[in-house]
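Q: got a predicted structure here, sequence first:
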Amino acid sequence: MQIKILGTGCPKCKQLEEAVKSVVKENAIDATISKVEDIVDIMGYGIMRTPGLVVDGKVVMSGRLPAKSEIIELLTK
């Protein structure tokens with residue numbers, strides 16, 4: 001699984017990155033996590049607000065910080 005965190009470095013973007021890393025580790029999810037900080041690359045995903053979460057090339061969430069339970073659901077469905 002390829003996971004990308006879209007964000008320029010704002011506090012919510014950093015919180016999402018830490019939450020995703022925690023969920024992946026706690027649930028033994030086989031995933032590669034990367035951070036996309038370039039605004040042009042972020043806009044290429046078609047989101048207008050960060051943070052964004054991309055799983056296997058598909059934007060699954062943007063513009064808010066999801067609860068940990070929601071992250072688990074997004075990564076395991």
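A: Sure thing, it's come through.
Q: what sits against residue 31?
A: Going by C-beta atoms under 8 Å, 6 or more residues apart in numbering, residue 31 touches 1, 2, 3, 24, 75. (Glycine included, C-beta is placed from N, CA and C.)
Q: could I get those as JSON lines with pLDDT, secondary structure and neighbour count?
A: Compiled in JSON lines, these are given as follows (pLDDT from 0 to 100; DSSP: H, G, I helix; E, B strand; the rest coil; neighbours: other C-beta atoms under 10 Å):
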{"residue": "1", "pLDDT": "96", "secondary structure": "coil", "neighbour count": "12"}
{"residue": "2", "pLDDT": "97", "secondary structure": "strand", "neighbour count": "11"}
{"residue": "3", "pLDDT": "98", "secondary structure": "strand", "neighbour count": "23"}
{"residue": "24", "pLDDT": "97", "secondary structure": "helix", "neighbour count": "19"}
{"residue": "75", "pLDDT": "93", "secondary structure": "helix", "neighbour count": "18"}
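Q: between these, which sits nearest residue 50?
A: residue 3 (15.2 Å; C-beta to C-beta).
Q: hey, what's the closest one bridged with?
A: Per DSSP bridges, the residues bridged to residue 3 are residue 33, residue 55.
Q: any idea how far it is from residue 29?
A: 9 Å (C-beta to C-beta, to the nearest Å).
Q: ditto for residue 47
A: Note on residue 47: its distance to residue 29, by C-beta to C-beta, is 23 Å.
Q: which one's more surrounded, these two?
A: Using other C-beta atoms under 10 Å as the criterion, residue 47 and residue 29 rank with residue 47 on top: 18 against 15.
Q: in this protein, which spans are helices?
A: Per DSSP state H, the chain carries helices over the ranges 11-26, 39-43, 68-76.
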